[in-house]
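Engineer: How does the following fold in three dimensions:
(2 chains)
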Number of protein chains: 2
Amino acid sequence: MKRIKLTVAYDGTNYHGWQVQPNGITIEGVLNQVLTDLTREPVTVIGASRTDSGVHACGNVAVFDTNTKIPPEKICYAINQRLPEDIVVQHSCEVPPDFHPRRRASKKTYEYKILNRTFPMPLHRLDCYFTYRSLDLENMRQAAAYLVGEHDFQSFCSVHSQAETTVRTIYSLTVSREQDLIAIRVTGSGFLYNMVRIIAGTLLQVGIGERKPHEMQAILTAKNRAAAGPTAPAHGLTMIGIEFTQCPGID
Amino acid sequence: MKRIKLTVAYDGTNYHGWQVQPNGITIEGVLNQVLTDLTREPVTVIGASRTDSGVHACGNVAVFDTNTKIPPEKICYAINQRLPEDIVVQHSCEVPPDFHPRRRASKKTYEYKILNRTFPMPLHRLDCYFTYRSLDLENMRQAAAYLVGEHDFQSFCSVHSQAETTVRTIYSLTVSREQDLIAIRVTGSGFLYNMVRIIAGTLLQVGIGERKPHEMQAILTAKNRAAAGPTAPAHGLTMIGIEFTQCPGID
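Structural biologist: Numbers count the residues shown, from 1 in each chain, chains lettered A, B, ... in the order given. Coordinates of the predicted model:
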């Protein structure tokens, strides 16, 4: 029995998120079915980031155990022949049997994209949040700086969360613009439920002038979801990738 | 009666091209219907570029005549409220009554996008042609240089074309790469039927080493469609915009 790690990209538009649920097709559900068909063994993958409905990924990670004779590095080719075109496995390799993608220390990177112009562009409608409102990027950057480091992010956590602790570390949080496309990119030790979308929603309030950058400090201190801004829409969010920091052999 | 010019962006994925046809929904057909509903007058738009099925646009141009009391600059807002999300009018303004977007001298710019990596990325599947094959960009650039200038482009014209002359001028033709995304961008006085896609298909042959850059000269001289490469798939192509060179007041 081998444990295989997959790096998975998807357009989340047509899925009810990552995690298998009774109603609606999910990324995890499609992977389980395709891998069960491919290996002729009952497969249940373990995902690293259980992304919400409508959220996309370039490099989410999943592992599964199998006796298949397909070489680990070739499994991605075999899976992709069976997957729909909105899910593509980018890489496959063998990992130690005890490797669990949610229990290993990792750095996760997410990007929230904002299309900022007078009118929407049709080809960006699936993966960018659109706003015509003028955004002050310098203020957004100043606000973002308050969140970098180890903090209790309870104010940036959906009340539905079951996390044991709301303390997380953000290693970097940048706001960049290329023409009319603004990217909020955040790397952290892990993220609470809806945390990146609440950060994006709060930074958008700062961008349009509804809040001042320094208010971020009070929002953190409040430890109350109501203190932060709204949860930005799911379709602007993409899970970029995960680095397993204590597993140097795992790419 | 006023003549109104529209700048139109669309995701061509779900349309049978620009031009009204008996079977299938088209961009022109949707615009005619929405403008007829909006103005309560029978409207038929005149398009600048009659893009093929699956081809996208950022800045295609259409004009129509109307007695509507809506100010010309506000028409785009009123239309967008009625359009599906894959067609968005970016700009509207009044133009002289004799302004015809296909009969005025213009510079048109198209871009053909190629996603070049081991596996496709789902979010790029609608507007990029995917290839995992290694592409020699320097050779593609050398080949492209042969096409710049005034030439008879008969070899790069679909045999279905009804154009009177196959002489066109290409002002610039660049091949650029940003990470795994390659863009072939071409600006010209006008393009023959399928011309940009045949140029892209031929440059792709050069990129993978099936042809040498200098063969472009012989392809031009042959004046025979069979001498050039295949027509690259429609979904990689986007109509970027049109500049009306002898109409300084028209933006």
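
Engineer: Wait, A:N14 touches A:I25, no?
Structural biologist: Yes: using C-beta atoms under 8 Å, A:N14 is in contact with A:I25, at 7.5 Å. Heads up, the C-betas are built off the backbone N, CA and C, glycines and all.

Engineer: Counting neighbours, what do you get for the closest residue to chain B within the stretch 51-200 of chain A?
Structural biologist: Proximity of the stretch 51-200 of chain A to chain B (C-beta to the nearest C-beta) peaks at A:P122, 4.0 Å away. Neighbourhood size, A:P122 [other C-beta atoms under 10 Å in any protein chain shown]: 24.

Engineer: wait, it sits on B:E85?
Structural biologist: Yes: using C-beta under 8 Å, A:P122 makes contact with B:E85 at a distance of 6.7 Å.

Engineer: What parts of the stretch 101-250 of chain A come near chain B?
Structural biologist: Proximity of the stretch 101-250 of chain A to chain B (C-beta under 8 Å from any C-beta of the partner chain) is limited to residues A:118-123, A:125-127, A:238.

Engineer: Low-confidence bits of chain A, can you list those?
Structural biologist: A:161, A:247-251 (pLDDT under 70).

Engineer: would you list every one of the helices in it?
Structural biologist: Here chain A has its helices, by DSSP state H, at A:27-39, A:75-80, A:137-145, A:195-207, A:215-222.

Engineer: ok, and which of these has the densest surroundings?
Structural biologist: Highest mean neighbour count among the helices of chain A (mean count of other C-beta atoms under 10 Å in any protein chain shown): helix A:195-207, with a mean of 25.

Engineer: Which elements pack onto that helix?
Structural biologist: strand A:106-116, helix A:137-145, strand A:167-178, strand A:181-188, helix A:215-222, strand A:237-244 (3 or more C-beta pairs under 8 Å, 6 or more residues apart in numbering or on different chains; DSSP states H and E).

Engineer: switch the cut-off to 7 Å
Structural biologist: Helices and strands touching helix A:195-207, as assessed by 3 or more C-beta pairs under 7 Å, 6 or more residues apart in numbering or on different chains; DSSP states H and E, comprise strand A:106-116, helix A:137-145, strand A:181-188.

Engineer: Any chance of a markdown table for those, columns distance to A:E94?
Structural biologist: Shown next, in a markdown table, are the helices and strands packed on helix A:195-207 (distance: least, C-beta to C-beta, whole Å):
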| stretch | distance to A:E94 |
| --- | --- |
| strand A:106-116 | 18 |
| helix A:137-145 | 38 |
| strand A:181-188 | 26 |
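
Engineer: Could you point out which of the helices of chain A sits nearest B:L203?
Structural biologist: For B:L203, the closest of the helices of chain A is helix A:75-80, at 26.7 Å, according to C-beta to C-beta.

Engineer: one step back: my guess is the residue of the stretch 51-200 of chain A closest to chain B meets B:I87, correct?
Structural biologist: Yes: at 6.5 Å, A:P122 and B:I87 qualify as touching, with contact defined as C-beta atoms under 7 Å.

Engineer: got any residues that touch both of these two?
Structural biologist: Counting by C-beta atoms under 7 Å, 6 or more residues apart in numbering or on different chains, the common neighbours of A:P122 and B:I87 are B:Y10.

Engineer: I'd like to know how far A:I240 sits from chain B.
Structural biologist: Per C-beta to the nearest C-beta, to the nearest Å, A:I240 is found 12 Å from chain B.

Engineer: so who does that residue touch?
Structural biologist: Taking C-beta under 7 Å, 6+ apart, we find A:I240 in contact with A:58-59, A:109-111.

Engineer: and the gap between it and A:T51?
Structural biologist: A:I240 sits 12 Å away from A:T51, going by C-beta to C-beta, to the nearest Å.

Engineer: now A:T7
Structural biologist: The spacing between A:T7 and A:T51, counted by C-beta to C-beta, is 14 Å.

Engineer: who has more neighbours, those two?
Structural biologist: For A:T7 versus A:T51, neighbours defined as other C-beta under 10 Å are more numerous around A:T51 (25 against 22).

Engineer: contacting residues around the closest residue to that one other than its chain neighbours?
Structural biologist: Spatial nearest neighbour of A:T51, excluding adjacent residues (C-beta to C-beta, 6 or more residues apart in numbering or on different chains): A:W18 at 4.7 Å. For A:W18, the contacting residues are A:26-28, A:47, A:49-51, by C-beta under 7 Å, 6+ apart.

Engineer: Equivalent analysis for A:N67, please.
Structural biologist: Here A:N67 is in contact with A:1, A:41 (criterion: C-beta under 7 Å, 6+ apart).

Engineer: Show me where the stretch 1-150 of chain A has its strands.
Structural biologist: Under the criterion DSSP state E, counting those that start in this stretch, strands of the stretch 1-150 of chain A are mapped to A:2-10, A:46-47, A:56-66, A:87-95, A:106-116, A:129-131, A:149-152.

Engineer: between these, which one is nearest to A:V186?
Structural biologist: Comparing those against A:V186 with C-beta to C-beta, the closest turns out to be strand A:106-116 (5.5 Å).

Engineer: Put the alpha carbons of the closest one into CSV.
Structural biologist: The C-alpha coordinates for strand A:106-116 follow below in CSV (Å, rounded to 0.1, in the frame of the first residue of the first chain):
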residue,chain,number,x,y,z
SER,A,106,2.5,24.1,6.3
LYS,A,107,2.4,27.5,4.6
LYS,A,108,-0.7,28.0,2.6
THR,A,109,-1.1,30.7,0.0
TYR,A,110,-4.4,32.2,-1.2
GLU,A,111,-5.1,35.0,-3.6
TYR,A,112,-8.2,37.2,-3.8
LYS,A,113,-8.6,38.9,-7.1
ILE,A,114,-10.5,42.1,-7.7
LEU,A,115,-11.3,43.5,-11.2
ASN,A,116,-11.4,47.2,-10.7
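
Engineer: what inclination does that strand have with respect to strand A:167-178?
Structural biologist: 40 degrees (axes from the mean of the first three to the mean of the last three C-alpha atoms, to 10 degrees).

Engineer: Just checking: what are the partner strands of strand A:106-116?
Structural biologist: Here strand A:106-116 is paired, per DSSP bridges, with strand A:129-131 (parallel), strand A:181-188 (antiparallel), strand A:237-244 (antiparallel).
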